[in-house]
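Colleague: Below is the structure, and that's it, no one-letter string:
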């Protein structure tokens, strides 16, 4: 067995290095190239990655919950306000398909960033929403007078469209 120059107790892989050190050297040398390819892949497949992440979190809720309670690990989040511990019921949820979904708030077809909207008190999924619709709905619901706020927003929007 040829030993590596970097770690004599490891097997030689290439250029006098063990497999781990050679991989690290290759990554550092080609970092710009690799990061560009990853960035392009993430941009081209953003929806696919997002759907896959949601599916993984639902299918592996127990595994994620165990890792959450590990003392050396920060809590992973399912949404901004709740940890996965809150989502033990998640396994029973019906996840509406994102493909060809309409925003449940404005009724427009999906575009840009879509989010899975849910009631933070009961955990009930309401449907897919545009990011901005979800923010607006949250702001209206937190308002002391949601009806007046909605009326004012509609009047302002009508005035802007008329100009």
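Modeller: Great, that's in hand. What you see is a predicted model, and the numbers here were worked out from it, not measured in a lab. Numbers count the residues shown, from 1 in each chain.
Colleague: tell me which residues form a beta bridge with residue 11?
Modeller: Note on residue 11: beta-bridge partners by DSSP bridges are residue 3.
Colleague: Identify the residues contacting stretch 107-117?
Modeller: Outside stretch 107-117, the residues that touch it by C-beta atoms under 8 Å, 6 or more residues apart in numbering are 47, 54, 95-96, 98, 100-105, 125-131, 134, 137. The way it works is simple: take the backbone N, C-alpha and C, and place the C-beta from them, glycine included.
Colleague: Give me the distance from it to the chain's centre.
Modeller: 14 Å (C-alpha atoms, centre = their mean, to the nearest Å).
Colleague: ok, now stretch 2-11?
Modeller: With C-alpha atoms, centre = their mean, you get 41 Å for stretch 2-11.
Colleague: now the end-to-end length of it.
Modeller: Taking C-alpha to C-alpha, to the nearest Å, stretch 2-11 runs 6 Å from one end to the other.
Colleague: Buried residues in it, which are they?
Modeller: 4, 6 (16 or more other C-beta atoms under 10 Å).
Colleague: And this structure, what are its domain boundaries?
Modeller: Domain ranges of the chain: 1-44, 46-94, 96-163, per automatic domain parsing.
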